[in-house]
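In: whatever this is, show me its structure:
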Amino acid sequence: MKIKDLSISSFIEAINVRFRIDGRKYPHFHHISSDDVRKAYLQKMFFFVSTGRTGTAFIEQLLNEVKGVDVYHEPFPCLAEFPNLVFTNKKKSFSKGVLLGARSQRIIECYNRNKIYVESNQVLSFFIREIIECFPNAKIIHLVRNPYSFIKSGMQKGWYSNDTVWEYGRRKCDRELWNTMNQIQKLSWYWTEVNRTIIKDCSIFLTNDKYFLLRLEDIDKKNKIDDLSLFIGREIKYISEGGKKLKNKSKEKEWWCGGNVNKKKSISINFESIEINVHDEFKAMVKKFNYDV
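Out: Alright, predicted model coming up:
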């Protein structure tokens, strides 16, 4: 059949067939009904939250091949400039508006394609209340890394020393105390504070069946991957003992399960410099996650 012989009705039907094959409910985003928008907000979805430097990019690669899932690592806009602002702004309508503005269209489109939305993003550690208020059936995976590995990684990446939009938005404590702390103390405070915030907010706004704790060091253990698969409701391929090398095609970097991303710079850290003003809480949190103090 020639193109000129193609009727309008058959052309529309051809488009509809294409989108049915693609699994979409609607061929165009602006055709989605308000009722389906509400359903999209009520769908099951998952958010990996953490301090950062915890393998959140690796999580995207790990789940990328899982059927029926769309997984994103710090998708645009990643909200890097907002954590400290959201924490200090007492108007919850502000932070809720930020989250909806940044994620609603992506989540609705995911629903339109019959996919489960999954995001791994350290910034969302400070949006747990807003996540649950906007998306009541969302579940949280709390990703934790050994604090000493985290601190070394943070120092390698210049956390609390660089002049970037990430540093502008990163959480800080009282200015007077903050100005007396060195980089190690700031990072140890941050590791403690972020994990404390996640635990507190999840205990307030989530039921136990919507919270999953995952240590990065356990991600190559079959029983933990099986538990995560059960939590998400999708089969995740087991990573063999010792780690699996994955290639990030977009950045041409190698990522190792539980390993350090940047090995160019060797850093020796004197953890005795973590003074008493943060040490007690830091030590308690280290024990809570069953790491060696």
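In: quick one, strands of the stretch 51-200 of the chain?
Out: Using DSSP state E, counting those that start in this stretch, the strands of the stretch 51-200 of the chain run over 69-73, 116-120, 138-144.
In: which helices and strands does the longest one pack with?
Out: Counting by 3 or more C-beta pairs under 8 Å, 6 or more residues apart in numbering; DSSP states H and E, the packing neighbours recorded for strand 138-144 are strand 45-49, helix 128-134, helix 183-205, strand 211-215, helix 222-232. Yep, even glycine has a C-beta here, placed from its N, CA and C like the rest.
In: now do it against strand 116-120, angle only.
Out: 30 degrees (axes from the mean of the first three to the mean of the last three C-alpha atoms, to 10 degrees).
In: excluding its backbone neighbours, what's nearest Tyr291?
Out: Asn146 (5.4 Å; C-beta to C-beta, 6 or more residues apart in numbering).
In: now the closest residue in space to Phe48 that isn't next to it in sequence: how far from Asn84?
Out: Leaving aside its chain neighbours, Phe48 sits nearest to Ser120 (3.7 Å; criterion: C-beta to C-beta, 6+ apart). Distance of Ser120 to Asn84, computed by C-beta to C-beta, to the nearest Å: 21 Å.
In: between the two, point out the one with more neighbours.
Out: Ser120 (26 against 15; other C-beta atoms under 10 Å).
In: I'd guessed the more buried one sits against Cys78; true?
Out: No - distance between Ser120 and Cys78: 11.0 Å, which falls outside the contact criterion (C-beta atoms under 8 Å).
In: state the distance from Val37 to Cys202.
Out: Taken as C-beta to C-beta, the span from Val37 to Cys202 is 26 Å.
In: neighbour count winner among those two?
Out: Each of Val37 and Cys202 has its neighbours counted (other C-beta under 10 Å); Cys202 has more, 21 against 15.
In: Gly233 touches Met45, doesn't it?
Out: No - using C-beta under 8 Å as the test, Gly233 is too far from Met45 to be in contact (11.4 Å).
In: who's more crowded, these two?
Out: Neighbours were counted for Gly233 and for Met45 using other C-beta under 10 Å; Met45 has more, 23 against 12.
In: mind listing what that one touches?
Out: 107, 110, 116-119, 135, 137-139 (C-beta atoms under 8 Å, 6 or more residues apart in numbering).
In: and it, bridged to which residues?
Out: Note on Met45: beta-bridge partners Tyr117, Ala138, judged by DSSP bridges.
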